[in-house]
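Peer 1: Need coordinates for the following:
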Amino acid sequence: MNIMHLKYALEISRTGSINKAAENLYMAQPNLSRAIKELEASLGITVFERTTKGMIPTPDGEKLLQYAKKILSQVDELEKIFKEGNEYRQTFSISVPRASYIANAFARFCNKLDKSKKAEIFYKETNSQRAINNILHADYKLGIIRYAAQNDKYFKEMLEEKGVNYELVTEFSYVLVMGREHPLAGKERVRYTDLDPYTEIAHADPYVPSLPFSDVKKAELPDNIARRIYVFERASQFELLSSNPDTFMWVSPVPDDLLDRYGLVQKICEDNRKIYKDVLIYRKDYHLSKTDKLFITELCESKRRFLENDKEARV
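Peer 2: Reported below is the predicted structural model:
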């Protein structure tokens, strides 16, 4: 198989036209058609089908194109490393749950990167299933997954099976956040029953991979709440909380400066005994880089400042 043929296939997919792809690749259309036929013959598949809408990838073609993107990306990476040197840039990629202490660690980490070197940094907030998939299939190097402690055995067995290292970052219980004008804002301790009349702002994607939704819902969400608004993006969640005095949200502990910025208060619910774990993950065949270790150092520092101080406040 010729690597250039993969490049040709990707260009045809992007343009939807052999003629246009040939023009962009500065080659004759018959030569491009011949190259695609050679690619198909070498693999024993049909990559494209001709339709009234142009050249459309077949199911086998779609799979080929996914691999082609990864292969060409790795070839490009390899060329850059040896042309420009191993230290030509700082690279970092991580998928994480929404958490103030992690976001703070990332901000401090970015501020400490070597500004004399190029950098390519990826930070994605998502759920545990997608974080694991990003490690296995999307070239993300690190991940942090969050799950209820009762699911610990399930996750550890799954990660072992998939060849993924895991290290505990922290354990914590969720706290409540709400606007300063919320009717419960003045109470020192809140009970589950106090929340009955109010609307919960909930993360839209907290669910555990491969477990039935009904089981996860029972494990993750109190049954006494009749109204929920599901929101993906953290800033929008906080805006809703600050502007609507009848809403509340379960979160990992939030620092005072962020609470002040959005006009929020943080409350402990004495009925909440559930423990959650944040766990760092990476493939067993991956060796942590200096850049990775710098982030982990900042992560441990933010955990100490945000979560351990919160634990002391609870005692």
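Peer 1: Would you mind giving both backbone torsions of P197?
Peer 2: Reported as degrees, to the nearest 10, the phi and psi values for P197 are phi -80, psi 0.
Peer 1: For I71, see how far away N104 is.
Peer 2: Computed as C-beta to C-beta, to the nearest Å, the N104 to I71 distance reads 37 Å. No exception for glycine: its C-beta is placed from N, CA and C like everyone else's.
Peer 1: Among the two, which residue is more densely surrounded?
Peer 2: More crowded of N104 and I71, by other C-beta atoms under 10 Å: N104, with 20 against 14.
Peer 1: Work out for me the element that one sits within.
Peer 2: Here N104 sits within helix 100-111, counting by DSSP states H and E.
Peer 1: Show me what counts as buried in that helix.
Peer 2: 100-106, 108-109 (16 or more other C-beta atoms under 10 Å).
Peer 1: And stretch 178-192, by the same measure?
Peer 2: Residues of stretch 178-192 classed as buried by neighbour count (16+ other C-beta under 10 Å): 178-179, 182, 184-185, 190.
Peer 1: dump the residue contacts of the nearest residue to S128 once chain neighbours are set aside.
Peer 2: If the residues on either side of it in the chain are set aside, S128 comes closest to I145, at 4.0 Å by C-beta to C-beta, 6 or more residues apart in numbering. Shown in contact with I145 (C-beta atoms under 8 Å, 6 or more residues apart in numbering): 97, 128, 131-132, 155, 278-279, 281.
Peer 1: rewinding a little: downstream of the helix holding N104, the next helix or strand is which one?
Peer 2: strand 118-125.
Peer 1: what angle separates that following strand from helix 100-111?
Peer 2: 170 degrees (axes from the mean of the first three to the mean of the last three C-alpha atoms, to 10 degrees).
Peer 1: Report the strands that pair with strand 118-125, each with its relative direction.
Peer 2: strand 89-96 (parallel) (DSSP bridges).
Peer 1: CA atoms only for the strand it pairs with, dumped as CSV, please.
Peer 2: Taking Å, rounded to 0.1, in the frame of the first residue of the first chain, the C-alpha atoms of strand 89-96 are listed here in CSV:
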residue,chain,number,x,y,z
ARG,A,89,7.6,21.8,20.6
GLN,A,90,5.7,20.9,23.7
THR,A,91,2.7,18.7,23.2
PHE,A,92,0.0,17.8,25.7
SER,A,93,-3.5,16.3,25.4
ILE,A,94,-5.9,15.4,28.2
SER,A,95,-9.7,14.6,28.6
VAL,A,96,-11.1,15.5,32.0
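Peer 1: Next, the buried residues of it.
Peer 2: 90, 92-96.
Peer 1: swap in stretch 244-264?
Peer 2: 244-245, 247-255, 258-259, 262, 264.
Peer 1: now swap in stretch 296-311 and tell me
Peer 2: Buried residues in stretch 296-311 (16+ other C-beta under 10 Å): 296, 298-299, 302-303, 306-307, 310.
Peer 1: hmm, who's touching that stretch?
Peer 2: Counting by C-beta under 8 Å, 6+ apart, 100-102, 104-106, 108-109, 112, 169-170, 172, 175, 252-255, 280, 288 sit against stretch 296-311.
Peer 1: mind listing what the closest residue to N272 other than its chain neighbours touches?
Peer 2: In this structure, N272 finds its nearest non-sequential neighbour in S173, 5.7 Å apart by C-beta to C-beta, 6+ apart. Applying C-beta under 8 Å, 6+ apart to S173 gives the contacts 272-276.
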